[in-house]
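Asker: Sharing a sequence plus its predicted fold:
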Amino acid sequence: MLTVLRLGHRHVRDARITTHVCLTARALGADNVILSGEKDDKILGSVRDIASRFGGTFKISYEKNWKKVIREFPGKKAHLTMYGMPIQKKINSIKKHKDILVIVGGEKVPWAVYEAADYNISVGNQPHSEVAALAIFLHDYFGGKELSREFAGADLNVIPQELGKKTNSRISEIR
Ligand code: SAM
């Protein structure tokens, strides 16, 4: 199980980037996302809606007490930060573990997170984005297999095209 913990969400201000963290997590192989910071039912609803239409077993939930999430997580915790150790040096060690909590921050991440993590991991040592850092982490962790993952029970599937946009929708077939 791979869980993503998104810290420090700010209502309205971070809506787009937090949504992108969730969709990236889902699309690239995470099993679930836990949002923390300010509660935002709109994000929970819209991500659940996409997840139900596009299939798979992805779950999203909210937990105010992120310390508890980290403390009680039964596996290894990898915190993504530009100050951490290079991902390319650590990914083989992280890959040995099946239960992973990937922690991504927002504006300022409390020091307690750095201390609680088993790994503080950088994706390059330049500042960029939680979405980019998460995507590269997941790609390295799953070794590319996440790109051909099946999303069972989808109402909507994209059929890849050289040119054009093609989908098959179970719903429109039924109607
Ligand atoms: N000073 C922050 C830091 O510690 O990485 C940058 C804040 S950035 C706006 C928000 C989040 O993006 C960070 O908490 C971290 O999870 C992720 N992030 C940004 N740059 C990163 C990098 N180079 N490596 C890993 N994670 C990064």
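Answerer: Now that the structure is in, tell me what you want to look at.
Asker: can you pull the contacts of the closest residue to Lys64 other than its chain neighbours?
Answerer: Of all residues beyond its chain neighbours, the one nearest Lys64 is Ser36 (6.5 Å), with distances taken as C-beta to C-beta, 6 or more residues apart in numbering. No exception for glycine: its C-beta is placed from N, CA and C like everyone else's. Residues near Ser36 by C-beta atoms under 8 Å, 6 or more residues apart in numbering: 5-9, 62-66, 69.
Asker: Could you export these as CSV, including secondary structure and neighbour count?
Answerer: Converted to CSV, the contacts of Ser36 look like this (DSSP: H, G, I helix; E, B strand; the rest coil; neighbours: other C-beta atoms under 10 Å):
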residue, secondary structure, neighbour count
Leu5, strand, 22
Arg6, strand, 27
Leu7, strand, 22
Gly8, strand, 20
His9, strand, 20
Tyr62, strand, 17
Glu63, coil, 13
Lys64, coil, 12
Asn65, coil, 10
Trp66, helix, 21
Val69, helix, 19
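Asker: would you list those residues in CSV and tack on pLDDT?
Answerer: Conversion of the contacts of Ser36 to CSV gives the following (pLDDT from 0 to 100):
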residue, pLDDT
Leu5, 98
Arg6, 97
Leu7, 97
Gly8, 93
His9, 91
Tyr62, 97
Glu63, 97
Lys64, 96
Asn65, 97
Trp66, 97
Val69, 98
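Asker: Nearest to the ligand within the chain, name that residue for me.
Answerer: Among residues of the chain, the one nearest the ligand by C-beta to the nearest ligand atom turns out to be Gly105. It sits 2.4 Å away.
Asker: ok, now which ones touch that residue?
Answerer: Taking C-beta under 8 Å, 6+ apart as the contact definition, Gly105 lies against 7-8, 79-81, 113, 130.
Asker: min pLDDT across those residues, which one?
Answerer: In terms of pLDDT, the weakest of the contacts of Gly105 is Gly8, which scores 93.
Asker: where does the protein come near the ligand, residue by residue?
Answerer: 80-83, 104-106, 109, 122-124, 126-130, 133 (C-beta under 6 Å from any ligand atom).
Asker: In strands, which of those residues fall?
Answerer: Assignment to strands by DSSP state E places the following of those there: 80-83, 104, 122.
Asker: For PyMOL, what selects the buried ones among those?
Answerer: Buried members of those, defined by 16 or more other C-beta atoms under 10 Å, are picked up in PyMOL with:
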select buried, resi 80+81+104+122
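Asker: Which members of the ones in strands among the residues of the chain next to the ligand are the farthest-apart pair?
Answerer: When C-beta to C-beta is used, the two most widely separated members of these are Tyr83 and Val104, lying 13.7 Å apart.
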